[in-house]
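Participant: coordinates for the following, if possible.
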Amino acid sequence: MSAPDPGKDPRYRRFRGGAYGIHIALSTLFCLWLIWNVGRSVAAMTPARPPPSTPPLTFRECLDTARSLWADLETEREKLVRVMPAQKVDQEWMKFRADWLTRTRQEESRCALDSRDPSRVQLRTLFRSLEHVQDLYTIHAVQYAGEVGGAVDALHAAFDAAQANAAAGSLP
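Facilitator: Below you'll find the model as predicted:
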């Protein structure tokens, strides 16, 4: 039989149990608070879907609208990667994302995507794919700003400094 641990005095067993209980309770409260705030944040960044409008747009109009939304999404992605300071890409993308999602929800409403008409099912698939790509672009913007952004901004600064030296004529 092994000797009892001298660090765990049996007289303090109730106090250790109480400390564990308090630790578990506070950890649980913190986790619930964190889950609640993340849920509220996500809900605030994701606009609600309005009810379908009547009469719905034609298939061709909905297709043109989806192409326009895609063009806006792609243009903004290219602008963020090529024009903006890399470390601010995620903040600017989130502003664009909220506006773009609001417009997308309005257009989905105008296209009556919840209809069982086979052409509307195809449009619904198209709009879901468009939103999926937007989600992936959001992940890309956050990763680009956080992981690569500093290095890209430093590279741009080095190019600017080298260009300034070349323009000043200090290099052969």
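Participant: what is the neighbour count of residue 151?
Facilitator: Residues lying near residue 151 (other C-beta atoms under 10 Å) number 10. Any C-beta I mention is one placed from the backbone N, CA and C, and that applies to glycine too.
Participant: then residue 135?
Facilitator: Neighbours around residue 135, by other C-beta under 10 Å: 10.
Participant: chain center to the strand or helix carrying it, what's the gap?
Facilitator: Using DSSP states H and E, residue 135 falls within helix 118-143. When C-alpha coordinates are averaged (C-alpha atoms, centre = their mean, to the nearest Å), helix 118-143 and its chain have centres 13 Å apart.
Participant: how about the most centrally placed residue in the chain: what's its closest non-neighbour residue?
Facilitator: Closest to where the C-alpha atoms of the chain average out (C-alpha atoms, centre = their mean) is residue 138, at 4.4 Å. Distances taken as C-beta to C-beta, 6 or more residues apart in numbering place residue 97 nearest to residue 138, at 5.9 Å, with adjacent residues excluded.
Participant: any idea how far that neighbour is from residue 46?
Facilitator: Distance, residue 97 to residue 46, by C-beta to C-beta, to the nearest Å: 9 Å.
Participant: how about the nearest residue to residue 77 once chain neighbours are set aside, what does it touch?
Facilitator: Closest residue to residue 77 in three dimensions, ignoring its sequence neighbours and counting by C-beta to C-beta, 6+ apart: residue 137, at 5.4 Å. Contact analysis of residue 137 by C-beta atoms under 8 Å, 6 or more residues apart in numbering lists 73, 77, 93.
Participant: which residues are in contact with the residue nearest to residue 138?
Facilitator: Applying C-beta under 8 Å, 6+ apart to residue 97 gives the contacts 45, 134, 138.
Participant: and the pLDDT at the second one?
Facilitator: We have a pLDDT of 93 for residue 134.
Participant: now it: closest residue in space, sequence neighbours ignored.
Facilitator: residue 73 is the one closest to residue 134 (C-beta to C-beta, 6+ apart), at 5.8 Å.
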